[in-house]
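Colleague: The following comprises the amino acid sequence and a computationally predicted model.
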Amino acid sequence: MQLIKDLIYRFYENKLLSEVKGEKPPRHVGLILDGNRRFAIERGLKTITEGHRKGADKLDEVLSWCEELKIRNITVWVFSTENLSRSQKEVKELLQVIEGKIQQLSQDPLTHKRAMKIKAIGKMELLPETTRRVIREAEEATGNYDNFSLNIAVGYGGREEIADALKDLIREKFSNGGSLEDIIRQVTPEEISRHLYTLDLPDPDLIIRTSGEIRMSGFLLWQSAYSEFYFCDVNWPAFRKIDFLRAIRNYQQRERRFGR
């Protein structure tokens, strides 16, 4: 019976893959990796941290799917500013998982074969020095690559990003000798965009959230004004290739109007 199920799954996966490859892929996909804790509880894992580890492992598969579809920019939200309010023990263990994953990716020969740039976005000053060091090392090891971009939102909050962008914009204009009225006139959407964490990236075409939650929670709040959204019931560690392909197919079937 399991063999039959596997064959049906494989047939359906190949069918979806064929459909998706026939259309233009999104340039930039954002992923809200939700459901690690629920996965751990539902599967009876020994600790919540095991759920986070399973979620970290899932990223390797998703990167291979993106490469197959020629999706060149991926942003994954792994740790929000709100996560800092969890118990000290859980925060420490989650950050250790994140550090281990970033380090593994930066040292993986496949990362360098893909010419994949790793960049962290968020309020780095809120993170412990060990996490910041691992991030710096990964960014330095991959900083010259431009074929594939993996952006890791850690210590990230959408409102904080916009506030930081405005502070940077005002600070820049003030340092150039602008008057208050000059600075106010120059606070435009285009100027704010120039000071976001994602300055060098196209805005996300598609944002996927796992675990059945139908909200954005502030992820890429500014950049997602015209993004398409896809909400998937499955918890992140159980996210399958057919779930990903369904999301891409759904995106490709939509008519994007960009507010027009």
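Modeller: Arrived safely.
Colleague: all strands of this structure, in order?
Modeller: Assigned by DSSP state E, the strands in the chain fall at 28-32, 73-80, 116-121, 148-156, 206-209, 228-231.
Colleague: I'd like those strands written out as JSON lines, with distance to residue 1 added.
Modeller: Bear in mind the C-beta positions are built from the backbone N, C-alpha and C, glycine included. Output for the strands of the chain, formatted as JSON lines (distance: least, C-beta to C-beta, whole Å):
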{"stretch": "strand 28-32", "distance to residue 1": "33"}
{"stretch": "strand 73-80", "distance to residue 1": "35"}
{"stretch": "strand 116-121", "distance to residue 1": "40"}
{"stretch": "strand 148-156", "distance to residue 1": "38"}
{"stretch": "strand 206-209", "distance to residue 1": "31"}
{"stretch": "strand 228-231", "distance to residue 1": "31"}
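Colleague: Identify whichever of the ones you listed lies nearest to residue 196.
Modeller: Among the strands of the chain, strand 116-121 comes nearest to residue 196, with 8.7 Å by C-beta to C-beta.
Colleague: Give the partner strands of the closest one in its sheet and their orientations.
Modeller: If you go by DSSP bridges, strand 116-121 pairs up with strand 148-156 (parallel).
Colleague: neighbouring contacts of the strand it pairs with?
Modeller: When contacts are defined by C-beta atoms under 8 Å, 6 or more residues apart in numbering, strand 148-156 is touched by residues 63, 67, 72-81, 84, 98, 102, 105, 114-124, 126-127, 131, 135, 197-198, 201, 219-220.
Colleague: what's the angle between it and strand 73-80?
Modeller: On the basis of axes from the mean of the first three to the mean of the last three C-alpha atoms, to 10 degrees, strand 148-156 is oriented at 20 degrees to strand 73-80.
Colleague: Just give me how far strand 148-156 sits from the chain centre.
Modeller: 6 Å (C-alpha atoms, centre = their mean, to the nearest Å).
Colleague: can I get the strands of the chain in JSON lines with mean pLDDT and distance to residue 186?
Modeller: Formatted as JSON lines, the strands of the chain follow (pLDDT from 0 to 100; distance: least, C-beta to C-beta, whole Å):
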{"stretch": "strand 28-32", "mean pLDDT": "98", "distance to residue 186": "27"}
{"stretch": "strand 73-80", "mean pLDDT": "97", "distance to residue 186": "28"}
{"stretch": "strand 116-121", "mean pLDDT": "98", "distance to residue 186": "24"}
{"stretch": "strand 148-156", "mean pLDDT": "98", "distance to residue 186": "26"}
{"stretch": "strand 206-209", "mean pLDDT": "98", "distance to residue 186": "30"}
{"stretch": "strand 228-231", "mean pLDDT": "98", "distance to residue 186": "31"}
